[in-house]
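Q: need a 3D model of the sequence below.
(2 chains)
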Amino acid sequence: AQTIHQWPVAEIKAVGSPLSLGCTIKGKSSPNLYWYWQATGGTLQQLFYSITVGQVESVVQLNLSASRPKDDQFILSTEKLLLSHSGFYLCAWSRDWAYAEQFFGPGTRLTVL
Amino acid sequence: GEKVEQHESTLSVREGDSAVINCTYTDTASSYFPWYKQEAGKSLHFVIDIRSNVDRKQSQRLIVLLDKKAKRFSLHITATQPEDSAIYFCASNVGDNSKLIWGLGTSLVVNP
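A: The predicted model follows:
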């Protein structure tokens, strides 16, 4: 069975500080990987997706970057946090074919003060 | 840019009644329309989807209808139960099939 793990569970960070969020998928080789941001109140925005190691496509610019250093790992980061980065960050994976169901991780709640 | 609009931000029904959530999309090339559910404080999980080669799909109490001419799709939950209470998101693919555009979510409350 496949499992998806996100870390940390929650973070409280200062404006201007760096951030690194991680996501690991076990039990599935070569998954498609996705990062989402959910604002307080529910709006869901797809940020990045990756179909293979080392390749990441940006969907929307929010002063964030993503990397896929290993087949089962997806990292979201920024060097300087903004207040607007607060929210719920979700990682998801899907099988490597078109129109595949996405499986979401438990999420990381980020508060920027 | 392309959009998906979810028409009901909140919906309240009585247990046992049906609930209908409507979405419209703008990209005529969209061909994949999934629905996801998010319970309070939790992550999202897949509910049902429909592809543009059909106009109706059913999975137990869930029915999805697709009207390509009107660029509209809807989720019907029949015989609602309190555990159906959640936020429901619709989405559609845009261009590259790895990109989804999402609606703003509908908060469904099923009252016992």
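
Q: quickly find the element holding residue 48.
A: Let's take chain A. strand A:44-52 (DSSP states H and E).

Q: that's the wrong chain, I meant chain B
A: Using DSSP H and E, residue B:48 falls in strand B:44-51.

Q: check which helices and strands that strand sits against.
A: strand A:103-104, strand B:32-38, strand B:56-59, strand B:62-67, strand B:72-77 (3 or more CB pairs under 8 Å, 6 or more residues apart in numbering or on different chains; DSSP states H and E). For glycine as for every other residue, the C-beta is placed from the backbone atoms N, C-alpha and C.

Q: at 10 Å instead, please
A: strand A:87-94, strand A:103-104, strand B:32-38, strand B:56-59, strand B:62-67, strand B:72-77, strand B:86-93 (3 or more CB pairs under 10 Å, 6 or more residues apart in numbering or on different chains; DSSP states H and E).

Q: residue B:3: which of those strands is closest?
A: For the helices and strands packed on strand B:44-51, proximity to residue B:3 was assessed by CB to CB; strand B:86-93 is nearest, at 9.4 Å.

Q: can the closest one be found next to chain A?
A: Yes - contact of strand B:86-93 with chain A (CB under 10 Å from any CB of the partner chain) involves B:87, B:89, B:91, B:93.

Q: quick check: bridge partners of the closest residue to the last one other than its chain neighbours?
A: The shortest distance from residue B:93 to any residue that is not its chain neighbour, by CB to CB, 6 or more residues apart in numbering or on different chains, is 4.3 Å, and that residue is residue B:32. When bridges are called by DSSP bridges, residue B:32 pairs up with residue B:51.

Q: name the SS class of residue A:109, please.
A: strand (DSSP: H, G, I helix; E, B strand; the rest coil).

Q: would you confirm that it contacts residue A:39?
A: No - using CB atoms under 10 Å, residue A:109 is not in contact with residue A:39, being 11.9 Å away.

Q: neighbour count: the two, which is higher?
A: Using other CB atoms under 10 Å in any protein chain shown as the criterion, residue A:109 and residue A:39 rank with residue A:109 on top: 17 against 13.

Q: okay, now the residue lying closest to that one once chain neighbours are set aside: neighbour count?
A: Nearest residue to residue A:109 in three dimensions, chain neighbours excluded: residue A:10, at 4.4 Å (CB to CB, 6+ apart). Look at residue A:10: counted by other CB under 10 Å, it has 10 neighbours.

Q: what residues are up against residue A:10?
A: By CB atoms under 10 Å, 6 or more residues apart in numbering or on different chains, residue A:10 lies in contact with A:88, A:107, A:108, A:109, A:110, A:111.

Q: and residue B:21, by the same measure?
A: Residues B:6-8, B:11, B:35, B:73-77, B:88-90, B:103, B:105-106, B:108 are the ones in contact with residue B:21 under the rule CB under 10 Å, 6+ apart.

Q: residue A:92 now?
A: With CB under 10 Å, 6+ apart, residue A:92 has these contacts: A:4, A:23, A:25, A:31-36, A:46, A:49, A:74, A:101-105, B:36, B:43-44, B:46, B:100.

Q: do residue B:104 as well
A: A:39, A:41-44, B:4-9, B:23, B:87, B:89-90.
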